[in-house]
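Sequence plus the predicted model coming up.
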Number of protein chains: 4
Amino acid sequence: MISKETLEAFFRENFPNSDFTIESLGDKAATLRQPVSDNHLRPGGTVSGPVLMAMADAAIYTAILGSLGLVAMAVTTNLNINFMRKPQANRAVIAECRLLKLGRSLAVGEVFLYSEGDDEPVAHASGTYSIPPMEE
Amino acid sequence: MISKETLEAFFRENFPNSDFTIESLGDKAATLRQPVSDNHLRPGGTVSGPVLMAMADAAIYTAILGSLGLVAMAVTTNLNINFMRKPQANRAVIAECRLLKLGRSLAVGEVFLYSEGDDEPVAHASGTYSIPPMEE
Amino acid sequence: MISKETLEAFFRENFPNSDFTIESLGDKAATLRQPVSDNHLRPGGTVSGPVLMAMADAAIYTAILGSLGLVAMAVTTNLNINFMRKPQANRAVIAECRLLKLGRSLAVGEVFLYSEGDDEPVAHASGTYSIPPMEE
Amino acid sequence: MISKETLEAFFRENFPNSDFTIESLGDKAATLRQPVSDNHLRPGGTVSGPVLMAMADAAIYTAILGSLGLVAMAVTTNLNINFMRKPQANRAVIAECRLLKLGRSLAVGEVFLYSEGDDEPVAHASGTYSIPPMEE
């Protein structure tokens, strides 16, 4: 299995704007941590929805690459997110992803998003990724 | 009805990172244009999914505020997006939103996203917003 | 292109419980009509959600088979539906599907659902279908 | 808290077509069991998608009513489902729902669906329900 450090370096190089860290990487699972700064906030002093969506997407992508390796150029085909509680403005956001299916051509994952230190999720997402055929 | 200029100023002030323009604002409808620069791209030379998700969310929000005025602190409750084609790396993204419902407490919108100048949508989203009770 | 009659016969044979009719079948489009009887209703005198979901699914399937022919054993991979208004208890439900993408391995469609004769949709759905490789 | 028997009687009376049983009813949770018969199948010898969607919807509804009581006329506002594996034709379907949020006006639940006896889910759904204000 690929290491957290290798995957973080991959994200830094390919997504220069991303500044999350990979907290853990497991069997069909990944946890990301996104520090929250002023430009992640929206009126009302809360983390904006697109920040949560981007994290959900990245968490599923991380769990897939962590399982299949960097060769996989997987692409998101569907993402669905329910926003449930107002995230805290002064806390990092934690995204916990678990893959529900990792097939040859399709992966499905779900993600719980939390304000760091809270038990109740601020949002819940599910997403599907299309996995292109591996070259021999 | 509120003007495009007023709404653009609202976004500039409240979402300093946003740099889209409002191309049109109609009855329960809005069209946004997002210039694409290097930090919107992902490996493979295409616009990243979170950029499209953020635009879909902003387009529905714009259509709601355009209809109800700036007083409405609407919040996204659900967003669902299907990614269908690879956006062009060197083209702006256009988001066309139409509200399917604008009730007292719930709004539902759909958004088609295009690479500027193309006829086939790169993605399609639908989203629901909760509208808090107006203060008298 | 396949005829409405052939497709209706296919549904009667393969889905004995289905009793909708195909009102129209076009290029990447289909319209279904579902008569509403007592066992489609739920408390409050309205058509139940699952009846609308089943119609949305069938409408996308019909539009795909109408375009690709009966050989395609397409399967639903994702369905998302927003319920917006209370359907009328004494009216048929109309489902209008348009395919947004019909690729080699993935189809995406959207469906507007109406109480017959009404202009405002009762629900809006989008769905993705996986299309297996054709045998030569 | 309301009993399984009371809730099952409620479903029998109000949804005469439903024939699932409530296997368990807990704190913001419910498990349903749907026997599978010929009219639940689709070509290819598998349980049809709409059967799974209907169960997902019923499982969330059951978990809400189990927590709030029968007075609550909650209505589904959004349902999203990912189909992941082919259900077995000769097995009952089990739907395990957990409410992720049970607020005053909005409930969000997720549902895992299984062929009875299997460990891998055949589908995963999430849904939102609008809860009308209680009358005093």
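Looks like it came in fine.

Can you name every helix or strand that the host helix or strand of residue A:81 contacts?
Using DSSP states H and E, residue A:81 maps to strand A:75-83. Judged by 3 or more Cβ pairs under 8 Å, 6 or more residues apart in numbering or on different chains; DSSP states H and E, strand A:75-83 is in contact with helix A:49-68, strand A:123-130, helix B:49-68, strand B:75-83, strand C:75-83, strand D:75-83, strand D:123-130. Glycine gets a C-beta too; all of them are placed from N, C-alpha and C.

Mean neighbour count for these - can I get that in TSV?
Listed next are the helices and strands packed on strand A:75-83 as TSV, based on neighbours: other Cβ atoms under 10 Å in any protein chain shown:
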stretch	mean neighbour count
helix A:49-68	24
strand A:123-130	25
helix B:49-68	24
strand B:75-83	24
strand C:75-83	24
strand D:75-83	24
strand D:123-130	25
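
I'd like the mean pLDDT over the strand holding residue A:81, please.
Mean per-residue pLDDT for strand A:75-83: 96.

Direction-wise, compare it with strand C:123-130 and give the angle.
If you take axes from the mean of the first three to the mean of the last three Cα atoms, to 10 degrees, strand A:75-83 sits at 150 degrees to strand C:123-130.

Let me have the helices and strands packed on strand A:75-83 in CSV, extended by distance to residue A:1.
Shown next, in CSV, are the helices and strands packed on strand A:75-83 (distance: least, Cβ to Cβ, whole Å):
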stretch, distance to residue A:1
helix A:49-68, 7
strand A:123-130, 18
helix B:49-68, 25
strand B:75-83, 27
strand C:75-83, 27
strand D:75-83, 25
strand D:123-130, 24
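
just to revisit the earlier point, buried set for the following helix or strand past the strand holding residue A:81?
Once the chain leaves strand A:75-83, the next helix or strand it forms, by DSSP H and E, is strand A:93-102. Within strand A:93-102, the residues that count as buried by 16 or more other Cβ atoms under 10 Å in any protein chain shown are A:93, A:94, A:95, A:96, A:97, A:98, A:99, A:100, A:101, A:102.

So for the fifth one, what's the nearest residue that isn't a sequence neighbour?
Excluding the flanking residues, the one nearest residue A:97 by Cβ to Cβ, 6 or more residues apart in numbering or on different chains is residue A:59, at 3.7 Å.

cool, the first one as well?
In space, and not counting its chain neighbours, residue A:93 is closest to residue A:34: 4.6 Å by Cβ to Cβ, 6+ apart.

Next one: the one you found from residue D:104, what distance?
Distance of residue A:34 to residue D:104, computed by Cβ to Cβ, to the nearest Å: 29 Å.

Over to residue A:113?
For residue A:113, the distance to residue D:104 (Cβ to Cβ) stands at 22 Å.

Please give me every residue in contact with the spatially most central residue of chain A.
In chain A, the centroid-proximal residue (Cα atoms, centre = their mean) is residue A:59; its distance is 1.8 Å. Contacts for residue A:59 (Cβ atoms under 8 Å, 6 or more residues apart in numbering or on different chains) come out as A:30, A:31, A:32, A:95, A:96, A:97, A:109, A:111.

for residue A:56, same thing?
Residues near residue A:56 by Cβ under 8 Å, 6+ apart: A:79, A:81, A:95, A:97, A:111, A:113, A:123, A:125, A:127.

Same check on residue A:82?
Applying Cβ under 8 Å, 6+ apart to residue A:82 gives the contacts A:123, A:124, A:125, B:77, B:78, D:78, D:100, D:108, D:126, D:128.

Residue ranges in chain A under the pLDDT threshold?
Across chain A, the ranges flagged by pLDDT under 70 are A:71-72, A:134-136.

Does the residue of chain A found nearest chain C have any beta-bridge partners, and if so which?
Proximity of chain A to chain C (Cβ to the nearest Cβ) peaks at residue A:78, 4.9 Å away. Beta-bridge partners of residue A:78, counted by DSSP bridges, are residue A:128, residue B:82.

Quick check: it touching residue C:79?
No - look at residue A:78 against residue C:79 with Cβ atoms under 8 Å: they stay out of range, at 10.0 Å.

Name the nearest of the buried residues of strand A:93-102 relative to residue B:73.
Here the nearest of these to residue B:73, counting by Cβ to Cβ, is residue A:93; it sits at 21.0 Å.

residues contacting the nearest residue to residue A:130 once chain neighbours are set aside?
Leaving aside its chain neighbours, residue A:130 sits nearest to residue A:77 (4.9 Å; criterion: Cβ to Cβ, 6+ apart). The contact partners of residue A:77, by Cβ under 8 Å, 6+ apart, come to A:128, A:129, A:130, B:82, B:83, C:78, C:106, C:128.

roughly how far apart are the fourth one and residue D:99?
Look at residue B:82 and residue D:99: by Cβ to Cβ, they are 27 Å apart.

Also the last one?
Computed as Cβ to Cβ, the residue C:128 to residue D:99 distance reads 27 Å.

Enumerate the residues of chain A near chain B.
Contact residues, chain A versus chain B (Cβ under 8 Å from any Cβ of the partner chain): A:14-17, A:38-39, A:42-44, A:48-50, A:53-54, A:57-58, A:73, A:75-83.

With respect to residue C:65, which of the helices and strands packed on strand A:75-83 lies nearest?
Nearest of the helices and strands packed on strand A:75-83 (Cβ to Cβ): strand C:75-83, 12.3 Å.

Those residues of chain A touching chain D, which are they?
Applying Cβ under 8 Å from any Cβ, we find that chain A lies next to chain D at A:78, A:80, A:82, A:84-85, A:100-101, A:108, A:110, A:120-121, A:124, A:126, A:128.

Repeat the analysis, applying 7 Å as the threshold.
Contact residues (Cβ under 7 Å from any Cβ of the partner chain) of chain A with chain D: A:80, A:82, A:84, A:100, A:101, A:108, A:110, A:121, A:124, A:126, A:128.

Can you pick out the most distant pair from these?
A:84 and A:101, at 23.8 Å, using Cβ to Cβ across those.

ok, so what distance separates residue A:54 from chain D?
According to Cβ to the nearest Cβ, to the nearest Å, residue A:54 stands 19 Å off from chain D.

so what's residue A:34 up against?
By Cβ atoms under 7 Å, 6 or more residues apart in numbering or on different chains, the contact set of residue A:34 is A:20, A:51, A:55, A:92, A:93.

now it: how far from chain B?
Relative to chain B, residue A:34 is positioned 12 Å away (Cβ to the nearest Cβ).

and if you look at residue A:37?
Distance from residue A:37 to chain B, counting by Cβ to the nearest Cβ: 11 Å.

Regarding that residue, what are the backbone dihedral angles?
As for residue A:37, its main-chain torsions (degrees, to the nearest 10) stand at phi -120, psi 180.

Repeat that for residue A:38.
Phi and psi for residue A:38, reported as degrees, to the nearest 10, are phi -50, psi -40.

what does residue A:112 give?
phi -100, psi 130.

Could you list which residues are in contact with it?
Residue A:112 makes contact with A:96, A:121, A:124, according to Cβ under 7 Å, 6+ apart.

is it true that the last one touches residue D:100?
Just to be clear, that refers to residue A:124. Yes - look at residue A:124 against residue D:100 with Cβ atoms under 7 Å: they come within range, at 5.4 Å.

overlap in contacts of the two?
Shared contacts of residue A:124 and residue D:100, counting by Cβ under 7 Å, 6+ apart, come down to A:84, D:108, D:110.

Perfect, I'm done here.
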